[in-house]
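Trainee: return atomic coordinates for the entry below.
(chains A and B)
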Amino acid sequence: MDVLADIFIAPFQYGFMLRALIVSVLVGVMCPMLGAYVVTKGLGFMGDALSHAVLPGMVAAFVIGVNPFLGAMPMGIVVALLSGYLIRRAGISADTSVGILFAGLFALGVVMLSFTRGLRVSLEDILLGQVLGVTTQDVLLTLVLAALVLAVLYLLHKELVFASFDPAGATVIGLPTQALDYLLLALLAIVIVLAIQAVGIVLVLAMLITPAATSFLLVRNFPKAMFTGSLLGLISAVSGLYLSYHYNLPSGPSMALVATVIFAVVVAVKKAR
Amino acid sequence: MNVAADGAQEQSSDAASPSLAVEDLFVDRGEVQVLNGVTFSANSSRIMGVIGPNGAGKSTLFNTLTGLIPARDGRVRINGKSIGESRGQVAFVPQRQNINWDLPMTVWDMVMLGRTRQIGWIRRPGSADKQAVEDALNQVWMWDRRDALIAELSGGQQQRVFVARALAQDVQVLILDEAFRGVDFTSQEVMTLVLQEMRDGGKTILLASHNISYIRRLTDDCLCLNRSVIACGLTSEVLVPEVMDELYRSVDIYRAYESEQR
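Mentor: Residues are numbered from 1 along each chain as shown, chains lettered A, B, ... in the order given. Okay, the predicted model is just below:
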């Protein structure tokens, strides 16, 4: 029993580990909920690009001295809506216009960061996540925003699914399909910003699409896939956190690796059958 | 074209107010004028076929009537209301390639989407909605497959589920775009029966198809469209060689039509 307690309970005698656990659980659960839409709507590139594009907002928040997520959040939502507009309107392909916009914003963020030498900001933490460094304020923000996103996903489930499955049919029946699309992008931006705390800009995709993609291999029903994905995301995030504590590994990449290994195992088992 | 004028007059004198009236409709797609001054009307308890060569504007017409794309000019009245006012009052069976098949959806859930308006925002389906879905699935002979994933069904079965969704929507006007393309014999027969039942129940049905023999068999009226109305009237009076010649002038389909006549 002592061994189990050492492995599972001992880490949480430290406040920073408890805060990290709460954020990891929330990120692990929330990402695949949105990820189910991302995977089925083919928004993976969009998700990746969006996570890079919030960097200037984060850096600006560092400079002003407020919580970086208060900068990233509005930036993410604005950029998500702007890219939704570009996808609809641009003469060039959606991939191209989103790619140009987001690569440009990421570059801007890195350049801005190079002017902030006085601040204790690590580019590595931003890129790969540093969930062990989250503050109590981060935890509260994450709780509130996760609750908000969950509530919207639950209340507007049938409308969001209809607009994602058959946009034309949804429009004909009288749903504001375009507004629902923008809403989904805004929710995606919020969840991505939350996930950046745990896995960083570069690895957001691992939490966003890997558990969701795994769940679609296991269950063939959209709501069930959302829940299965959440369970897998939770397992990935929490076990990644334990691995990082016990073996002194970076936490974000550990979580991403666990999610990837689960995906690989499920694929292998399915192929073997 | 005399047939057109006669047919239109006959039709409008049949009913006091048609459930679908289109007047001088102009629709552009980008720089291209796709519909040029289209005028016709469709009445309740009738099935109207819409035929024309590829690029004739059939899908554009349907997309305009269902509010998916805007008209540049003209007047559309659906049960006396404009397209904007009658949103949700038209059921649409679209071409199947416009669906996101990557999203797993059961047959039951798919038909329940047709009840979205009746259920209302945020709320969950009630017993009336469940009953409507059950009735619709029974009508298209798909009740036994209610838990199946729609992506795993045959094309014909998928189309029957789309028709069931339209049934569950329970509205006056039903529009089907190439609903019979790539559909197996059983599904074709089932959908024919359902459409005839809907017509007899007082619905107004518009149906685009390339299958002229099917149009001849199923429809009461026929709209011959090639950017503008070539002819519109009783199917038996419109589907004559002179009209078909003008409609499909130098088009391969016309040769198919001719060979069918022999």
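
Trainee: shaky segments in the chain?
Mentor: Went with chain A since none was named. A:1, A:90-92 (pLDDT under 70).

Trainee: should've been chain B
Mentor: B:1-16, B:250-262.

Trainee: at 80 what do you get?
Mentor: Across chain B, the ranges flagged by pLDDT under 80 are B:1-17, B:95-98, B:249-262.

Trainee: please report how far the residue in the stretch 1-150 of chain B that chain A sits nearest to lies from B:R117.
Mentor: The minimum distance from the stretch 1-150 of chain B to chain A, using C-beta to the nearest C-beta, falls at B:G88 (3.4 Å). (Glycine included, C-beta is placed from N, CA and C.) Taking C-beta to C-beta, to the nearest Å as the measure, B:G88 falls 5 Å from B:R117.

Trainee: can you work out which residues contact both of the two?
Mentor: A:I173, A:G174 (C-beta atoms under 8 Å, 6 or more residues apart in numbering or on different chains).

Trainee: let me know the helix or strand that A:L232 is in.
Mentor: Per DSSP states H and E, A:L232 falls inside helix A:222-247.

Trainee: just want the angle from the helix or strand that comes right after that helix to helix A:222-247.
Mentor: Next in sequence after helix A:222-247, counting helices and strands by DSSP H and E, comes helix A:251-272. Interaxial angle of helix A:251-272 relative to helix A:222-247 (axes from the mean of the first three to the mean of the last three C-alpha atoms, to 10 degrees): 130 degrees.

Trainee: what sits up against helix A:251-272?
Mentor: With contact meaning C-beta under 8 Å, 6+ apart, helix A:251-272 is reached by A:20, A:24, A:28, A:128-132, A:198-200, A:203, A:206-207, A:210-211, A:213-214, A:217-218, A:232-233, A:235-237, A:239-241, A:243-244.

Trainee: three-state assignment of the residue of the stretch 101-250 of chain A at minimum distance from chain B?
Mentor: Closest to chain B within the stretch 101-250 of chain A is A:G174: 3.4 Å, counting by C-beta to the nearest C-beta. Following DSSP: H, G, I helix; E, B strand; the rest coil, we place A:G174 in the coil state.

Trainee: what's the answer for B:L225, then?
Mentor: What three-state DSSP gives for B:L225 is strand.

Trainee: break chain B down into its domains, please.
Mentor: Following automatic domain parsing, one finds the domains of chain B at B:2-89+B:171-261, B:97-170.

Trainee: which among the ones you listed is found nearest to A:K41?
Mentor: Among the domains of chain B, domain B:97-170 comes nearest to A:K41, with 6.7 Å by C-beta to C-beta.

Trainee: what's the end-to-end length of the closest one?
Mentor: In domain B:97-170, first residue to last residue: 24 Å (C-alpha to C-alpha, to the nearest Å).

Trainee: can you give me the buried ones in the helix holding A:L232?
Mentor: Within helix A:222-247, the residues that count as buried by 16 or more other C-beta atoms under 10 Å in any protein chain shown are A:222, A:225-230, A:232-245.

Trainee: is that helix in proximity to chain B?
Mentor: Yes. Helix A:222-247 lies within reach of chain B by C-beta under 8 Å from any C-beta of the partner chain, at A:F222, A:A225.

Trainee: list the helices and strands that helix packs on?
Mentor: Applying 3 or more C-beta pairs under 8 Å, 6 or more residues apart in numbering or on different chains; DSSP states H and E, one finds that helix A:222-247 contacts helix A:15-41, helix A:177-208, helix A:210-218, helix A:251-272.

Trainee: if we use 7 Å, what do you get?
Mentor: helix A:15-41, helix A:210-218, helix A:251-272 (3 or more C-beta pairs under 7 Å, 6 or more residues apart in numbering or on different chains; DSSP states H and E).

Trainee: thought B:L149 was touching B:T106?
Mentor: Yes. Taking contacts as C-beta atoms under 7 Å, B:L149 lies within contact range of B:T106: 6.1 Å.

Trainee: who does the strand or helix carrying A:L150 touch, helix- and strand-wise?
Mentor: Per DSSP H and E, A:L150 falls inside helix A:136-155. The helices and strands touching helix A:136-155, judged by 3+ C-beta pairs under 7 Å, 6+ apart, are helix A:15-41, helix A:177-208.

Trainee: can you pull the contacts of B:A136?
Mentor: B:V111, B:A164, B:L167, B:A168 (C-beta atoms under 7 Å, 6 or more residues apart in numbering or on different chains).

Trainee: wait, the third one touches B:L137, no?
Mentor: It stands for B:L167. No. Using C-beta under 7 Å, B:L167 is not in contact with B:L137; the gap is 8.9 Å.

Trainee: between these two, which contacts overlap?
Mentor: In contact with both B:L167 and B:L137: no residue, using C-beta under 7 Å, 6+ apart.

Trainee: now A:L4: how far from chain B?
Mentor: Distance, A:L4 to chain B, by C-beta to the nearest C-beta, to the nearest Å: 38 Å.

Trainee: wait, what's in contact with the most centrally placed residue in chain A?
Mentor: The centroid of chain A falls nearest to A:I192 when counting by C-alpha atoms, centre = their mean (3.3 Å). Residues near A:I192 by C-beta under 7 Å, 6+ apart: A:G47, A:L50, A:S51, A:G76, A:V204, A:L208.

Trainee: quick check: the fourth one vs A:V149, distance?
Mentor: From A:G76 over to A:V149 the distance is 12 Å, taken as C-beta to C-beta.

Trainee: what's the farthest-apart pair in the contacts of B:A136?
Mentor: So, the contacts of B:A136 by C-beta to C-beta: farthest apart are B:V111 and B:L167, at 8.1 Å.

Trainee: more neighbours, the two?
Mentor: B:V111 (29 against 25; other C-beta atoms under 10 Å in any protein chain shown).

Trainee: ok, that one touching B:D135?
Mentor: No. B:V111 is not in contact with B:D135 according to C-beta under 7 Å; the separation is 9.9 Å.

Trainee: show me what from the stretch 1-150 of chain B comes close to chain A.
Mentor: Contact residues, the stretch 1-150 of chain B versus chain A (C-beta under 7 Å from any C-beta of the partner chain): B:66-68, B:87-88, B:90, B:92, B:94, B:98-100, B:102-106, B:113, B:116-117, B:121-122, B:149.
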